[in-house]
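S.K.: how would this look folded up:
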Amino acid sequence: MNKLVIGLLFTCFFISCKNKKLDSTKAYFSVVDYLGAEVKKMDTLDLRFKKITTVDDRSDTSLVTKEEFQKYAKEFLSLPDIASDKKMDNYTEANDFDEILGNVLLIYTAKEPNDEVRNETIMMEPDEQGNTHVKT
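M.R.: Numbering: from 1, shown residues only. As a prediction, the model looks like this:
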């Protein structure tokens with residue numbers, strides 16, 4: 001019985017040593033999760049979006065159907081989430097404060113120029129309590 005417990009502990013220790021250590025100090029903002037929540041919110045609201053199509057010098061305005069909206073949103077939601085444990089180490093993070101706009105900027109830049117997502121900039125607006133809310 002003792003040998004079984006020792007063997008089990010050794011196996012657990014060996015497996016845990018092979019796992020990649022995560023940097024618990026990193027916490028990137030997940031744009032994909034944010035956009036997913038916004039898309040769900042928009043699906044529940046009775047909103048109408050207009051699409052303007054221009055060919056040569058002529059413009060045509062039409063309403064965007066829910067199906068079209070989902071198609072457009074899917075293009076963004078299918079991008080890699082750089083806040084995931086797999087992607088996080090491939091990006092650098094910089095924080096800045098834009099004094100003119102009064103916004104906090106979170107800037108993520110790919111370390112490799114060929115990554116699908118090369119740059120993400122999140123603009124956040126602080127409120128009187130010190131909380132920040134995503135603007136763009």
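
S.K.: where does the chain dip in pLDDT?
M.R.: Low-confidence segments of the chain (pLDDT under 70): 1-26, 136.

S.K.: need the strands for it, in chain order.
M.R.: Assigned by DSSP state E, the chain shows strands spanning 50-55, 58-63, 91-98, 103-110, 119-126, 132-134.

S.K.: so which of the ones you listed gets nearest Lys71?
M.R.: Across these, Lys71 has its closest neighbour in strand 50-55 (11.7 Å, Cβ to Cβ). For every residue, glycine as well, the C-beta is placed using N, CA and C.

S.K.: between the closest one and strand 58-63, how big is the angle?
M.R.: When axes from the mean of the first three to the mean of the last three Cα atoms, to 10 degrees is applied, the directions of strand 50-55 and strand 58-63 differ by 160 degrees.

S.K.: what helices and strands are in contact with strand 50-55?
M.R.: Strand 50-55 sits against strand 58-63, with contacts defined as 3 or more Cβ pairs under 8 Å, 6 or more residues apart in numbering; DSSP states H and E.
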